[in-house]
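> Here is a sequence together with a model predicted from it:
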Amino acid sequence: MGNSVSRIQEPSSGQAEPLLRRESKRGELRPSDRPGTRSFQLLRFGKRLPRAFRKIPWEQSRVLLLQGPVGPFFKVLQSRLLQDGIDAWRICFNAGDLAFSSRKNRITFMGSRREWRDWLNEILASNTIDTIVMFGSERPAHIVARELASIHGVRVISLEEGYIRPGYVTLEESGNNACSPVAGCLPPENYGSVYDGSGKTDFKSFRKMSAHGAIYYAIRTLFSFGKQRELYHRPISAFPEMFYWVRNAGRRILGQSHNFSTIQTLLEYWNKKYYIVPLQVAVDANLQASALGWDSVRLISAAIRSFSQSAPNDTRLVFKIHPMERGHNNFGPLIQSTAATLGVGDRVDVIDVGSMGLLARHAAGMITINSSSGLSAIFHGTPLLVIGKAIYAHPELAICADGNPDFDSFWSSSHVAEAPFRHRYLAWLKEECLIPGDYYAPHGMTLACDGILKSLTDGTVIVDSENAARVAC
């Protein structure tokens with residue numbers, strides 16, 4: 001039958017009933033055994049496309065769960081939704097998704113990106129889906145889903161790591177980061193709350209996330225084939241990936257003394273005399289979609305060159321490598337060799353650990369492509385240069401380069417909004433885009449499921465984006 005995608009086959013007789021039935025104990029799609037009823041069966045097919053679903057009355061809310069964070073969070077979420085009377089169905093795109101899913105109410109999609117568009121378009125056109133829930137709005141499968149959902153009027157809840165961490169996850173309508181409905185916006189003028197940074201819970205889940213990620217990508221690479229690779233959101237191979245994570249752990253251990261001594265020196269002797277540059281994960285969808293042509297290598301070269309020519313002589317430039325990038329790309333030698341070539345080798349530092357909030361508080365400025373670390377700079381009143389598109393890219397909050405940064409002038413910039421304005425913005429962002437929780441620690445998963453369920457059941461609109469846009473964009 002060749003490469004295949006999922007198909008619902010509809011016999012021609014009987015009375016219509018719900019499209020996706022849980023007839024077996026395990027919940028797979030199968031024909032109804034009741035005589036005189038219309039039955040539906042999940043099949044695989046080659047180039048043929050499924051007929052559009054009929055509009056069938058359905059008493060329960062029906063939700064499609066697409067790809068989630070690495071690990072079991074979407075499995076836990078689906079179970080919670082089913083328990084609360086929501087007909088939640090999981091779409092799995094590869095073996096990694098399957099490994100962290102339940103057999104109940106599960107559809108395995110085996111097709112290409114084009115076939116995914118055609119298949120999902122017919123499902124959404126049938127008016128049988130109320131909401132789509134996804135993690136990461138810029139993944140290939142999710143870009144297609146968001147576009148089609150907009151056409152068919154289907155609600156999209158897009159999850160992401162918390163803009164403010166730890167203790168929170170992001171929950172927004174239709175998209176995240178630069179695709180967020182509040183991207184580049186400010187709160188209404190009468191918004192009165194302020195954010196003081198308190199109340200955050202550290203679930204200490206980095207190790208769990210790393211372990212889930214290693215397992216997910218290893219299984220995905222070893223047991224996913226053919227067209228499934230077209231919908232990969234990160235092109236990762238199993239054996240190199242395992243090596244990178246082992247190397248990550250080794251570099252963390254070996255570099256611990258250097259990192260801590262460098263940070264201590266910066267805080268004690270270079271307070272407000274260093275510029276921090278948080279580098280991002282190269283394969284991060286937010287970076288790839290909204291960097292406006294920039295990446296870490298280009299940023300390193302351009303920032304050091306300008307720093308050597310225009311920055312005050314009594315300042316330092318500090319690059320912070322992302323902990324999840326530490327084993328994949330060793331930017332340290334590139335940074336050090338570039339700095340040495342340009343004559344500032346003794347004024348440029350490289351670290352890969354440390355509290356971003358603490359580093360931002362004591363920095364003279366921050367430069368980023370579009371990292372959420374920029375929110376730490378906003379909170380602490382540190383001048384911020386944002387190169388790409390970011391949720392906080394607004395001229396009252398940061399210097400927005402729109403892909404053409406003026407590094408030379410930034411070294412002497414003091415552009416910072418007043419504290420009440422900044423803290424009001426962060427409180428608004430937290431209220432509109434974040435819910436308490438975590439995707440990897442058990443208690444955090446429970447809290448996150450609570451927030452998602454509340455949004456689904458009470459019909460909460462996450463943000464009045466039209467009002468925000470009129471006020472500030």
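Yep, that arrived.

> alpha carbons only for contacts and neighbour counts from here, please
Fine.

> correct me, but I107 touches C92?
Yes - using C-alpha atoms under 8 Å, I107 is in contact with C92, at 6.2 Å.

> Please work out which helix or strand belonging to the protein has the smallest mean pLDDT.
Least confident helix or strand of the chain, by mean pLDDT, DSSP states H and E, is strand 41-45 with a mean of 35.

> Doesn't A88 belong to a strand?
Yes - counting by DSSP: H, G, I helix; E, B strand; the rest coil, A88 is located in a strand.

> Who are the contact partners of it?
By C-alpha atoms under 8 Å, 6 or more residues apart in numbering, the residues touching A88 are R62, V63, L64, L65, Q78, L81, L82, N105.

> partners of it in the sheet?
Beta-bridge pairing for A88 (DSSP bridges): V63.

> where does it land on pLDDT?
Looking at A88, its pLDDT reads 96.

> ok, now which ones touch D314?
Here D314 is in contact with K273 (C-alpha under 8 Å, 6+ apart).

> Return the distance of it relative to G365.
According to C-alpha to C-alpha, to the nearest Å, D314 and G365 sit 14 Å apart.

> same check, this time on G162
23 Å.

> higher neighbour count, those two?
Shown here are G162 and G365; by other C-alpha atoms under 10 Å, G365 has more neighbours (26 against 21).

> got a list of what the more buried one touches?
Going by C-alpha under 8 Å, 6+ apart, G365 touches K272, Y274, Y275, I276, A377, T382, P383, L384, L385, W411.

> Tell me who's in contact with R247.
Counting by C-alpha under 8 Å, 6+ apart, R247 touches G327.

> do C449 as well
L77, R80.

> Let's see that with 6 Å instead.
Neighbouring residues of C449 by C-alpha atoms under 6 Å, 6 or more residues apart in numbering: L77.

> For it, give me the pLDDT.
As predicted, C449 sits at a pLDDT of 98.

> which stretch of helix or strand covers it?
helix 442-458 (DSSP states H and E).

> how far is that helix from where the chain is centred?
17 Å (C-alpha atoms, centre = their mean, to the nearest Å).

> buried set for it?
Neighbour-count burial for helix 442-458, with 16 or more other C-alpha atoms under 10 Å as criterion, is recorded at 442, 444-453, 455-456.

> Same list, these, but as TSV with distance to A183 please.
Below are the buried residues of helix 442-458 laid out as TSV (distance: C-alpha to C-alpha, whole Å):
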residue	distance to A183
P442	31
G444	26
M445	26
T446	28
L447	25
A448	22
C449	25
D450	25
G451	22
I452	21
L453	24
S455	20
L456	23
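
> about what we covered before: format the contacts of A88 as JSON lines; extra columns: neighbour count, distance to V348 and pLDDT.
Below are the contacts of A88 laid out as JSON lines (neighbours: other C-alpha atoms under 10 Å; distance: C-alpha to C-alpha, whole Å; pLDDT from 0 to 100):
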{"residue": "R62", "neighbour count": "20", "distance to V348": "54", "pLDDT": "92"}
{"residue": "V63", "neighbour count": "23", "distance to V348": "50", "pLDDT": "96"}
{"residue": "L64", "neighbour count": "21", "distance to V348": "48", "pLDDT": "97"}
{"residue": "L65", "neighbour count": "22", "distance to V348": "45", "pLDDT": "98"}
{"residue": "Q78", "neighbour count": "24", "distance to V348": "48", "pLDDT": "98"}
{"residue": "L81", "neighbour count": "22", "distance to V348": "51", "pLDDT": "97"}
{"residue": "L82", "neighbour count": "16", "distance to V348": "54", "pLDDT": "96"}
{"residue": "N105", "neighbour count": "22", "distance to V348": "54", "pLDDT": "93"}
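
> For L359, state which of those residues is nearest.
Using C-alpha to C-alpha, L65 is the member of the contacts of A88 that lies nearest L359, at 37.5 Å.

> residue contacts, the residue nearest to L447 when sequence neighbours are not counted?
Nearest residue to L447 in three dimensions, chain neighbours excluded: G437, at 4.8 Å (C-alpha to C-alpha, 6 or more residues apart in numbering). Contacts for G437 (C-alpha under 6 Å, 6+ apart) come out as G167, Y168, V169, G444, L447, A448.

> now L159
Counted by C-alpha under 6 Å, 6+ apart, L159 has contacts F135, T170, L171.

> Out of these, which end up buried?
Applying 16+ other C-alpha under 10 Å to these flags F135, T170, L171 as buried.

> Quick one: mark the members of these that sit in strands.
F135, T170, L171 (DSSP state E).

> now those residues in a markdown table, with pLDDT?
As requested, those are exported to a markdown table (pLDDT from 0 to 100):
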| residue | pLDDT |
| --- | --- |
| F135 | 96 |
| T170 | 98 |
| L171 | 98 |
